[in-house]
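Chemist: quick one, what's the 3D model for this:
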Amino acid sequence: MPLKRLNEAYVVELEGIGFGMLDEQWRKLRCLVTGAAITDAIGGTPTQAEQVEWFLANRSSVEQVATAKFDQHTFENDGSIRVGTRDLNPHLFAF
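Modeler: Predicted coordinates for the structure are as follows:
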């Protein structure tokens, strides 16, 4: 089942950018897209401001990846969903 965006809020954290989603029963889920995943998507060495700009421009795609992880029951130990570089940039791992 697709997750829904909790709201437009996001938070810049040490490990990346956190955002909230709602499941089909309206339970809140904490999600995080890692800074490494964003950096790999952008390329080079983006600033924090550039990472936030990229996240805002690509938030729907990140949310789709989070939904796929939710559907696969791929949660962190604390019940959150972490979108990492392998999730967001699978083309970097294709052989």
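Chemist: in space, what's closest to residue 15 - neighbours in sequence excluded?
Modeler: Closest residue to residue 15 in three dimensions, ignoring its sequence neighbours and counting by CB to CB, 6 or more residues apart in numbering: residue 34, at 5.8 Å. In short, each C-beta sits where N, CA and C put it, glycine included.
Chemist: which residues does the one you found contact?
Modeler: Contacts for residue 34 were tallied using CB atoms under 8 Å, 6 or more residues apart in numbering; they are 15, 16, 82, 83, 84, 85.
Chemist: list just the nearest of those to residue 71.
Modeler: Nearest to residue 71, judged by CB to CB, of the contacts of residue 34 is residue 83 at 13.5 Å.
Chemist: and the residue lying closest to the closest one once chain neighbours are set aside, how far from residue 15?
Modeler: Nearest-residue entry for residue 83: residue 33, 4.3 Å, with adjacent residues in sequence omitted and distances by CB to CB, 6+ apart. In this structure, residue 33 and residue 15 are separated by 9 Å, where distance is defined by CB to CB, to the nearest Å.
Chemist: more crowded one of these two?
Modeler: Neighbour totals were compared for residue 33 and residue 15, and residue 33 leads with 31 against 13 (other CB atoms under 10 Å).
Chemist: out of the contacts of residue 34, the closest to residue 53 would be?
Modeler: Each of these was scored against residue 53 by CB to CB, and residue 16 proved nearest at 14.2 Å.
Chemist: wait, that closest one touches residue 31, no?
Modeler: No. With contact taken as CB atoms under 8 Å, residue 16 and residue 31 are classed as non-touching, separated by 9.8 Å.
Chemist: neighbour count winner among these two?
Modeler: Higher neighbour count among residue 16 and residue 31: residue 31, with 26 against 22, using other CB under 10 Å.
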